[in-house]
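Asks: what shape does this take:
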Amino acid sequence: MLKKAVFILMLSVSAAFAGEDFFIRDGDVVCFWGNSITDYGIYPRMIENYVLTFHPEWKVDFCNLGWGGDEAKNIPRLERDIQLCKPTKVTIMLGMNDGGYCPFDPERLETYLTSMKKEIEIFQKHSGAEVMLVSPTPFDLRCRWERVTGQVGEYKDEEGNLRKKYDDMRVIRYPEALNRFSHELQKLALSLGLKFVDLNFEMEQVLDEIDGYDKDFRITAEGVHPNVDGQFQMGLCILDGMQGFRRTVETVIDAAAGKVVSEQEAATTGLKATSRKVSFTRRAARLPLPVYPSTRGLIQRVLHYPCAWDRDIIKVTGLDTGWYGISIDGGLIEVASAAQLGQGVNLSRYPNTPQMIQAYRVFEETEKRNAAFWTKWRRVLLDGVYSPRDFTPFVVNPPAEAVHGLEQAERAAFEAQHRLNKPAAHRYEISPVEHPAVARAPVPGAGEFLENMVSVRISVDSRTIPSFEPPLCIRGNFAYAPQYSWGLIASKSYYGEIPVRLYDDGTHGDKLARDGVYSVGMFFRKGAGEINFMVRDGVYLTNYWNSIYPEKFTHNPNLTALSAAWGELLGKLDEDRERIGGFPLDRDLDLVWDKTMLDKALEKKLIYQP
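Replies: Predicted coordinates:
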């Protein structure tokens, strides 16, 4: 009982210290307001997951009201959509569209600043919210060279007039315009006494650093919209601007002396230690931060993540020279030398700890909650409204059953988030191994964990695809971490779907290397929902909706036909006739497109082979 009281005291003291200067506090309602970059939703959900895992004792509501294409001047949208919540804290990130994708225009800047002042006033009047201003992200010309080398796109404006979309001399000067917008926004924040985060400057610094490692690496999709890595960096920058506390967890043990030397944000009991073996029970004050899988490992080297932000350190001195296995709840997590253990091992680096598995279950509930809210807002209350410039009021009498069901789903996910985010005690063992290449358990407590998982394997025989050129991918309602083999149902959002690569190298679920059959194998939590997907090529690997390397990848239209035929044969084709969907995660799935499927599709005239 005394040990439990000590741990509760540890939690309350550290929580009070951690939340002292943080922009978000216990009991807040946080609103994210912005354009498509916010609508995409990864950085808002990352911040939500930070609060859930780093401050498990708090109850905070989050509301993402970003909308693709929005500008500060769309005041009527704010006056309508703000009725969905009464925020106490607001972040506003607008400006990318406001500058007009052209050289600096003083009139556009004046409209932007006047409108931003009005939006701030509306939030403050509506609910007394404290507002943080966030500058627009950089316009990355390295992703726009196909737009600035004489290629000029055309589009029809609202009156039907044909206009040039990207003029080479206009767009090449847009970064300067956004720099000016960011500078003036900072001055506005200072004049009003508001917090300010300069994402334009911070992300430019990251882009410059990345260039030193890999000049082909990108953190934006096409120069405007940050991809998974870019949104990850945005989340870290905004958390820094919010003065988010990093809450390092650390336990230092002297094995030779058999004692805990020091401890931070953790409580250790039942220590048994010699110079050859150490075991103990330990409860950390928080979970690790779950994030979307990075598309490239480079981002971890540049941003030094998780080491700079998420530290759960086990340091053991006094061990005899040799190699040691670090196990948690019976599952081997890592093999480290005595010297490495003496320096400290950061457990937040590993995807297969019980703590990280628990954190990703919190992550799942965050996805569900956001999906329910977004669907209620954009598909029920604003049925038929598809533009932030359409100020149609909310549906007067929305379908009560739909609204009730979605609100119930949102509440259930919120409750699950706060049930699953409580840290648990785990049993640790550090014992000698003969060689560092000892096979690791797939997950700790593998038997129990795998009983609650289903495997999903998706395979496509490339020899059935006319004009095929690798790579090959699928694009669906889930994210996939190839280094972890985990799949996660993702939230519906404006752009939303993260490409998942298929492999023909005998790894990641592929059975035989270089046989022309591309596959990916994933584990999902049983009962997590349903998955759907479509087959696509390399254009979707580079970014989500168009290629930044047009000379390398061209879209293969045969894959659209393949997806439609595959879905038709399985009776799982959506109304748009391109997505194969509705597979419940209640059992293992092995979905294969091969020569047999092609022959059936040809016989039924669902597909035509040139």
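Asks: gap between A177 and L109?
Replies: Plainly put, A177 is 8 Å away from L109 if you go by CB to CB, to the nearest Å. From N, CA and C alone the C-beta is placed, and that goes for glycine too.
Asks: the two: who's more crowded?
Replies: Per other CB atoms under 10 Å, whichever of A177 and L109 has more neighbours is A177, with 23 against 18.
Asks: just to check, that one is in contact with D105?
Replies: Yes - in this structure, A177 is within contact of D105 by CB atoms under 8 Å, at 7.3 Å.
Asks: can you list residues touching both of these two?
Replies: G99 (CB atoms under 8 Å, 6 or more residues apart in numbering).
Asks: and the helices in the stretch 501-610 of the chain?
Replies: Secondary structure of the stretch 501-610 of the chain (DSSP state H, counting those that start in this stretch): helices located at 539-542, 558-570, 595-603.
Asks: can you tell me which of those helices is packed in deepest?
Replies: Comparing those by mean neighbour count (mean count of other CB atoms under 10 Å), helix 539-542 ranks first with a mean of 23.
Asks: any idea what K315 is bridged to?
Replies: V252 (DSSP bridges).
Asks: can you give me the end-to-end span of stretch 74-92?
Replies: 13 Å (CA to CA, to the nearest Å).
Asks: ditto for stretch 213-223
Replies: 19 Å.
Asks: avg pLDDT for it?
Replies: On average, the pLDDT along stretch 213-223 is 70.
Asks: now do the shared contacts for A177 and L109.
Replies: G99.
Asks: picking up where we left off before, between the helices of the stretch 501-610 of the chain, which gets the lowest average pLDDT?
Replies: Across the helices of the stretch 501-610 of the chain, helix 539-542 has the smallest mean pLDDT, namely a mean of 38.
Asks: for the stretch 201-350 of the chain, just list every one of the strands.
Replies: 249-254, 259-264, 266-273, 278-284, 312-317, 323-328, 331-337, 345-346 (DSSP state E, counting those that start in this stretch).
Asks: for F533, which of those strands is the nearest?
Replies: F533 sits nearest to strand 331-337 of all the strands of the stretch 201-350 of the chain, at 30.4 Å, using CB to CB.
Asks: and the angle for that closest one with strand 312-317?
Replies: Relative orientation of strand 331-337 versus strand 312-317 (axes from the mean of the first three to the mean of the last three CA atoms, to 10 degrees): 50 degrees.
Asks: give me the mean pLDDT for strand 331-337.
Replies: 90.
Asks: domain parsing for this structure?
Replies: 22-245, 246-441, 452-603 (automatic domain parsing).
Asks: least confident of those domains, on average?
Replies: domain 452-603 (a mean of 77).
Asks: the residue nearest to Q83 when sequence neighbours are not counted: what secondary structure?
Replies: With CB to CB, 6 or more residues apart in numbering as the criterion, Q83 has its nearest non-adjacent residue at 7.5 Å, and that residue is F394. Under DSSP: H, G, I helix; E, B strand; the rest coil, the three-state class of F394 is coil.
Asks: hey, what's Y518 bridged with?
Replies: V460.
Asks: how many residues are close by it?
Replies: 26.
Asks: just checking, it touches I458?
Replies: No - using CB under 8 Å, Y518 makes no contact with I458, being 9.0 Å away.
Asks: am I right that Y480 is in a strand?
Replies: Yes - assessed by three-state DSSP, Y480 belongs to a strand.
Asks: chain neighbours aside, what residue packs nearest to it?
Replies: V500 (4.5 Å).
Asks: I42 too?
Replies: Among residues not flanking I42 along the chain, Q231 sits closest, at 3.7 Å (CB to CB, 6+ apart).
Asks: now G223: phi and psi?
Replies: In terms of degrees, to the nearest 10, the main-chain angles of G223 are phi 100, psi -20.
Asks: got the helices of the stretch 501-610 of the chain as CSV, with distance to N477 columns?
Replies: CSV is the format used below for the helices of the stretch 501-610 of the chain (distance: least, CB to CB, whole Å):
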stretch, distance to N477
helix 539-542, 14
helix 558-570, 14
helix 595-603, 22
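Asks: R45 is nearest to which of the ones you listed?
Replies: Here helix 539-542 is closest among those (CB to CB), at 21.6 Å.
Asks: all strands for the stretch 351-500 of the chain, in order.
Replies: Under DSSP E, counting those that start in this stretch, the stretch 351-500 of the chain gives strands at 425-433, 453-461, 472-476, 478-481, 486-489, 499-501.
Asks: how about TSV for those strands, with distance to T281 and mean neighbour count added?
Replies: As requested, the strands of the stretch 351-500 of the chain are exported to TSV (distance: least, CB to CB, whole Å; neighbours: other CB atoms under 10 Å):
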stretch	distance to T281	mean neighbour count
strand 425-433	5	17
strand 453-461	26	21
strand 472-476	40	24
strand 478-481	29	22
strand 486-489	26	22
strand 499-501	38	22
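Asks: so which of those strands comes closest to L207?
Replies: strand 499-501 (21.7 Å).
Asks: can you classify the nearest residue to D26 once chain neighbours are set aside as helix, strand or coil?
Replies: Distances taken as CB to CB, 6+ apart place W58 nearest to D26, at 4.1 Å, with adjacent residues excluded. Classification of W58 using three-state DSSP returns coil.
Asks: before we move on, back to that, pull the contacting residues for the residue nearest to Y480.
Replies: Counted by CB under 8 Å, 6+ apart, V500 has contacts C473, I474, R475, G476, F478, A479, Y480, V520, F533.
Asks: my read: the second one touches R536, true?
Replies: Okay, so that is I474. Yes - taking CB under 8 Å as the definition, I474 is a contact partner of R536 at 6.9 Å.
Asks: separation between the nearest residue to I47 once chain neighbours are set aside and S135?
Replies: Ranked by CB to CB, 6+ apart and with sequence neighbours excluded, the top spatial neighbour of I47 is G235, at 5.8 Å. Note on G235: its distance to S135, by CB to CB, is 15 Å.
Asks: still on that earlier bit, list phi and psi for the residue nearest to Q83.
Replies: phi -60, psi 150.
Asks: neighbours of it, just the number please.
Replies: 15.
Asks: how close does it get to P106?
Replies: 36 Å.
Asks: likewise T91?
Replies: Relative to P106, and taking CB to CB, T91 is found at 26 Å.
Asks: more neighbours, the two?
Replies: T91 (26 against 8).
Asks: contacts only, for the residue lying closest to the more buried one once chain neighbours are set aside.
Replies: Excluding the flanking residues, the one nearest T91 by CB to CB, 6+ apart is M132, at 4.8 Å. M132 makes contact with F23, K89, V90, T91, I92, L194, K195, F196, V197, G241, M242, according to CB under 8 Å, 6+ apart.
Asks: phi, psi of M132?
Replies: Dihedral angles (degrees, to the nearest 10) for M132: phi -120, psi 130.
Asks: roughly how far apart are it and A513?
Replies: M132 is 50 Å from A513, by CB to CB.
Asks: which one of the contacts of M132 is nearest K187?
Replies: Looking across those and measuring by CB to CB, the closest to K187 is F196, at 9.3 Å.
Asks: show me what contacts that closest one?
Replies: With CB under 8 Å, 6+ apart, F196 has these contacts: M132, L133, V134, S135, L185, Q186, A189, L190, G241.
Asks: parallel or antiparallel, which strands does the helix or strand harbouring it pair with?
Replies: Using DSSP states H and E, F196 maps to strand 195-197. Using DSSP bridges, strand 195-197 pairs in its sheet with strand 130-134 (parallel).
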